[in-house]
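**Student:** Mind folding the following:
(one chain, ligands or ions: 1)
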Amino acid sequence: MTFSVAVAGASGYAGGEVLRLLAAHPEFEVRTVTAHSNAGQRLIDVQPHLRSFGDIVLQDTTAENLAGHDVVFLALPHGASAPLAVHLSQDTLVVDCGADHRLDDPQDWDAFYSGDHTPSWAYGIPELPLANDGTQRDNLRGVKRIAAPGCNASAVSLAIAPGIRADLIESTDIISVLSVGPSGAGKSLKVDLLASELMGSASAYAVGGIHRHTPEIAQNLRKAGAHEVSVSMTPVLVPMARGILATSSARIKEGVTLEQLHAAWSAAYENEPFVQVLPLGQFPRTADTLGANTCLIGLALDVPVGRVVVVSALDNLVKGTAGAAIQSANIALGIPEATGLPVNGVAP
Ligand SMILES: NC(=O)c1ccc[n+]([C@@H]2O[C@H](COP(=O)([O-])OP(=O)(O)OC[C@H]3O[C@@H](n4cnc5c(N)ncnc54)[C@H](OP(=O)(O)O)[C@@H]3O)[C@@H](O)[C@H]2O)c1
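**Tutor:** A predicted model of the protein is given here:
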């Protein structure tokens, strides 16, 4: 069976990546692409790497243009998806790459975003370990509304959740510093993202507990079994177009060994094609995940300070957005989960 697809925000980074992956997906047929300021242009004039889409033209992002498809991917600035989605049929599978439907708690939304909170949708990290021994994929089967995850939230949540579920680490003293590429901030022009500002330099941003993915990480770790979560995350902008390398650490519980930690993380992702725990002593590089729907994880025990240190790498535009969106859509539609999704990166 072929599912008809519309992609809104097709001129942006996330929408472009959804389209790159959909082009290789045997069960999806892209019929409509929409944009905002670029509406009216040919897709390949705005996204020249998407050659297979030929002369398809970007339409305005309206509910009318998105209607009549089996699947709609929304890759819009936060706040733009929710008002649009209410006008889309309940029979259509809608996957939102933005933040509008990720947070369960209105107070979290109010503290980190502007505008009104809208109800959360099924969350799109299928591999997220849940407290009951299942995974988040159990909550994605058959749904019609999916909230794809935040990219930084994916890197940190996948890195820490196994230790929470296995009750091997404390959930109240988690620290994560992430090296992130500027594509995570989207395609719009910003001075700090100019090559002259970025090349040859690294700079921290959203320092001091204000990054918007903080409540999303805490929500994910509560789903993994934590009662109380405190997580301090600091992203550092580095000169690589895409990719996230998150170094996260948490206090271990009394007497926990490195072997126990590695066994718990390995068990959590044992049968996962897209989340892989490396052998002890190995740590991932972003390059190994670029273009792939893969999150690689390496861990160590810092014995003198009693902390597990987990290094996770993923491509913010694939496992951090578009790949997670398509993987989750596959599950919702009953298509084999890995369909159309690359597991190999493009290093060097
Ligand atoms: N970049 C990432 O790594 C990443 C990761 C996870 C999640 N996300 C989420 O994905 C969404 C898109 O991010 P992005 O990085 O692709 O941003 P982007 O490159 O700036 O693209 C934004 C897209 O939205 C369109 N747009 C802008 N303003 C609009 C409006 N008022 N109404 C409707 N459409 C509008 C743009 O159209 P025009 O270009 O034609 O104006 C463009 O197609 C965001 O919610 C972001 O948080 C991104």
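**Student:** and Ala246, what element?
**Tutor:** With elements taken from DSSP states H and E, the one containing Ala246 is strand 244-251.
**Student:** That strand packs against which elements?
**Tutor:** The criterion is 3 or more Cβ pairs under 8 Å, 6 or more residues apart in numbering; DSSP states H and E, and the helices and strands that strand 244-251 contacts are helix 151-165, strand 174-180, strand 307-314. Using the backbone N, CA and C atoms, a C-beta is placed for each residue, glycine as well.
**Student:** Nearest approach to the ligand belongs to which of the ones you listed?
**Tutor:** Shortest separation from the ligand across the helices and strands packed on strand 244-251 is recorded for helix 151-165, at 3.9 Å, computed as Cβ to the nearest ligand atom.
**Student:** which other helices and strands contact that closest one?
**Tutor:** If contacts are counted by 3+ Cβ pairs under 8 Å, 6+ apart, helix 151-165 sits against strand 174-180, helix 214-223, strand 231-237, strand 244-251, helix 258-268, strand 295-302, strand 307-314.
**Student:** does any part of it sit near the ligand?
**Tutor:** Yes: in this structure, helix 151-165 sits against the ligand according to Cβ under 6 Å from any ligand atom; the contacting residues are Cys151.
**Student:** Mean confidence (pLDDT) on stretch 116-131, please.
**Tutor:** Here stretch 116-131 scores 97 as its mean pLDDT.
**Student:** which of the residues in it are buried?
**Tutor:** 117-118, 120-130 (16 or more other Cβ atoms under 10 Å).
**Student:** quick revisit: ok, and what's touching the strand holding Ala246?
**Tutor:** Outside of strand 244-251, the residues that reach it under the criterion Cβ atoms under 8 Å, 6 or more residues apart in numbering are 151-152, 155-156, 159-160, 163, 169-171, 173-181, 184, 284-286, 302, 306-316, 320.
**Student:** Of those, select the buried ones using a ChimeraX command.
**Tutor:** A single ChimeraX command suffices to select whichever of those are buried according to 16+ other Cβ under 10 Å:
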select :151,152,155,156,159,160,163,169,170,171,174,175,176,178,179,180,181,184,284,285,286,307,308,309,310,311,312,313,314,315,316,320
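**Student:** one step back: ranking the helices and strands packed on helix 151-165 by mean neighbour count, which comes first?
**Tutor:** strand 307-314 (a mean of 25; mean count of other Cβ atoms under 10 Å).
**Student:** ok, and does it reach over to the ligand?
**Tutor:** No: using Cβ under 6 Å from any ligand atom, strand 307-314 stays clear of the ligand, coming no nearer than 10.3 Å.
**Student:** now that strand and strand 174-180, what's the angle there?
**Tutor:** Calculated by axes from the mean of the first three to the mean of the last three Cα atoms, to 10 degrees, strand 307-314 forms an angle of 30 degrees with strand 174-180.
**Student:** Now do strand 307-314 against strand 295-302, angle only.
**Tutor:** Going by the same axes, to 10 degrees, strand 307-314 makes 160 degrees with strand 295-302.
**Student:** Run the chain-centre distance for strand 307-314.
**Tutor:** Between the centre of strand 307-314 and the centre of its host chain there is 16 Å, according to Cα atoms, centre = their mean, to the nearest Å.
**Student:** any idea which helix or strand comes after that strand?
**Tutor:** Beyond strand 307-314 in the direction of the C-terminus, DSSP H and E gives the next helix or strand as helix 323-333.
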